[in-house]
Structures are given as C-alpha cells and as structure tokens.
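Peer 1: Next input, structure requested:
(one chain, ligands or ions: 1)
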Amino acid sequence: MRRNWFTHVIAVAALALGGLGVATATVTATAPTAHADECYSWPRTLGSGASGADVTQLQIRVAGWVPRGQVMGIDGSFGAQTKTAVANFQRAYGLSADGVAGPATFSKIYALQDPDCTPVHFSYAEASENCGRGFTGTAAQKENMKRALWRAEALRHQLGDHPLRVTSGFRDTTCNASVGGATNSVHLNGGALDLVPGDGSTSICSIAKQARYAGFGGIFGPGYPNHSDHAHVDIRSSIAWDADACSGW
Ligand SMILES: [Zn+2]
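Peer 2: As a prediction, this is how the structure comes out:
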C-alpha cells in the first residue's frame, strides 16, 4: 500500500505545481497520511454519476448518513442517495456540504479509519467476541461487520461523540444458539451489533432512537422481547424496527 501513497503524493504535487503555483509545503500538508493509506486511498473526486469500486468504498463509509428510514444501496453507483449521505457527512464534520467527495471529505474519512479499515472508535475484536471463541467466520461476514461498524461510527457522532460499547457482534451458530439468538439472526452473517452506552451520557433508548437516522435496517430495543438491556442494530436492507417501550419512539 505504500506505493499507492507515494503515487498519490506525486499526483497531488503535480496538480498543485501545474496549477496556481501553490507552495510545496501546502502539498505536503494536504496529502493523505501513510497511516490512512494502510486501509484505502481514493484516487479521484467522486460526485453524481460516478461509478466503480471507489464509490463502493465511499458508500460503506457514509452509509450511516442517509435520511431516516433509508438503507444505503452499496452498489458502486453514485446516485441521489449517495449525494445526500455525503452532504450529511460533510455537514456533520464541519465541511462544505456540496455532496461531492473530494480531498477534504477523503481527509476526514482517512482520519476516521484505522489501518484495518474499521472506524477509529470500533474494532473487529469487540464485534467478534463470539462467546469467547473470537472470529470464526468468512471474509464476507467480516465485510458485513465492517459495514455495520461504519454505521455505528456515524451513530456515535450523531449522539455527541459519547462512547458506545459493542456487547455482541458476529456470532457463529453455536454461539448464537447458546445466547438464545433467533435462528435467522443477522448476527450470524456479521452484520449486527448489540450496543450499550460506554459512559453515563447516553441511554439504550437514545441509541435505538437515533439509529433510525444512522442507516440501520434492523433496530430492536426496549419493548422488543429480550432487548431491555441493549440496542440491537443491523444492516439488513429492509426496515424492521421495534423499541416501543422507549418514550418518543
Ligand atoms: Zn442483537
């Protein structure tokens, strides 16, 4: 991945030098860091009509910024939903909200992602406790976990950057059965998270309620059987929500 980083710096430098004669020092300051590129670097600005694997990578990271009741279609095509999500992401992080993902947007994403492509405030490890056995799943299940964690990162920011704790994420069939999970639980494919407050600043109900604005298809909390002590959120593509013991639900 180091080569990607190097190539990108050269491209940025060439652009600046061929443009307005911007000082080289500025180029150095705005280049993505090597740390970020250990995960993924976007090679170009992305806006409406763009398509490709880089759009898919962007959609994964802004999927928690779609309007209430929507689930991001992660399809590699930059349409109206992606534009809205990018604009909401930009607004939430104090950037110019034009719905076009350029260097400033990608710099913010780089700052938010770890070398293993999980968002900074969550990890694969905490989402794969799996009854003490750790992650035993497939690459596709790990990808689902990543997609859920990026939505959790958005949710965390929306709740005022207070810590959230994952009490259960990926579960294999043995673990899922032992904790009484549904036989078709989204935990089995890695795309579900059980969340609790990480400090005294938020509540299970506030997590469940805000999750409606963070791109989660499945949300179950207080009022749904066996969900009084956590908020379950998942990345199913349809909407299935129930936390009706929460006031204001
Ligand atoms: Zn759950």
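
Peer 1: Report the contact partners of the most centrally placed residue in the chain.
Peer 2: In the chain, the residue lying closest to the centroid (C-alpha atoms, centre = their mean) is Trp150, at 1.3 Å. By C-beta atoms under 8 Å, 6 or more residues apart in numbering, Trp150 lies in contact with 60-61, 63-64, 119. C-beta: built from backbone N, CA, C; applies to glycine.

Peer 1: how about a cut-off of 10 Å?
Peer 2: 59-65, 72, 109, 112-113, 117-119, 122, 214-215, 235 (C-beta atoms under 10 Å, 6 or more residues apart in numbering).

Peer 1: helix/strand/coil for it?
Peer 2: Look at Trp150: counting by DSSP: H, G, I helix; E, B strand; the rest coil, its state is helix.

Peer 1: Go back to the contacts of Trp150 and keep what's next to the ion.
Peer 2: With the criterion set as C-beta under 5 Å from the ion, no member of these is near the ion.

Peer 1: about what we covered before: for the residue nearest to the centre of the chain, give me the pLDDT.
Peer 2: For Trp150, the model assigns a pLDDT of 98.

Peer 1: What distance do you get for it to the ion?
Peer 2: In this view, Trp150 and the ion are 18 Å apart by C-beta to the ion, to the nearest Å.

Peer 1: distance of that residue from Cys39?
Peer 2: 12 Å (C-beta to C-beta, to the nearest Å).

Peer 1: Between these two, which contacts overlap?
Peer 2: Common neighbours of Trp150 and Cys39 (C-beta under 10 Å, 6+ apart) are 109, 113, 117-118.

Peer 1: Any of those buried? List them.
Peer 2: 109, 113, 117-118 (16 or more other C-beta atoms under 10 Å).

Peer 1: Tell me which of those fall in helices.
Peer 2: Under the assignment DSSP state H, those contribute Ile109 to helices.

Peer 1: okay if I get the buried ones among the shared contacts of Trp150 and Cys39 as JSON lines plus distance to Ile239?
Peer 2: Formatted as JSON lines, these follow (distance: C-beta to C-beta, whole Å):
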{"residue": "Ile109", "distance to Ile239": "26"}
{"residue": "Gln113", "distance to Ile239": "27"}
{"residue": "Cys117", "distance to Ile239": "27"}
{"residue": "Thr118", "distance to Ile239": "25"}
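
Peer 1: Closest one of the buried ones among the shared contacts of Trp150 and Cys39 to the ion?
Peer 2: Distance to the ion, by C-beta to the ion, is smallest for Thr118 among these, at 18.8 Å.

Peer 1: quick one, what contacts the closest one?
Peer 2: 39, 112, 124-127, 145-146, 149-150, 152-153.

Peer 1: Buried subset of those as a ChimeraX selection?
Peer 2: The following ChimeraX line selects those of the contacts of Thr118 that are buried, judged by 16+ other C-beta under 10 Å:
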select :39,112,124,127,145,146,149,150,152,153
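
Peer 1: Now tabulate the contacts of Thr118 in CSV and tack on distance to Cys246.
Peer 2: CSV is the format used below for the contacts of Thr118 (distance: C-beta to C-beta, whole Å):
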residue, distance to Cys246
Cys39, 35
Leu112, 28
Tyr124, 29
Ala125, 29
Glu126, 24
Ala127, 24
Met145, 26
Lys146, 28
Leu149, 23
Trp150, 24
Ala152, 18
Glu153, 22
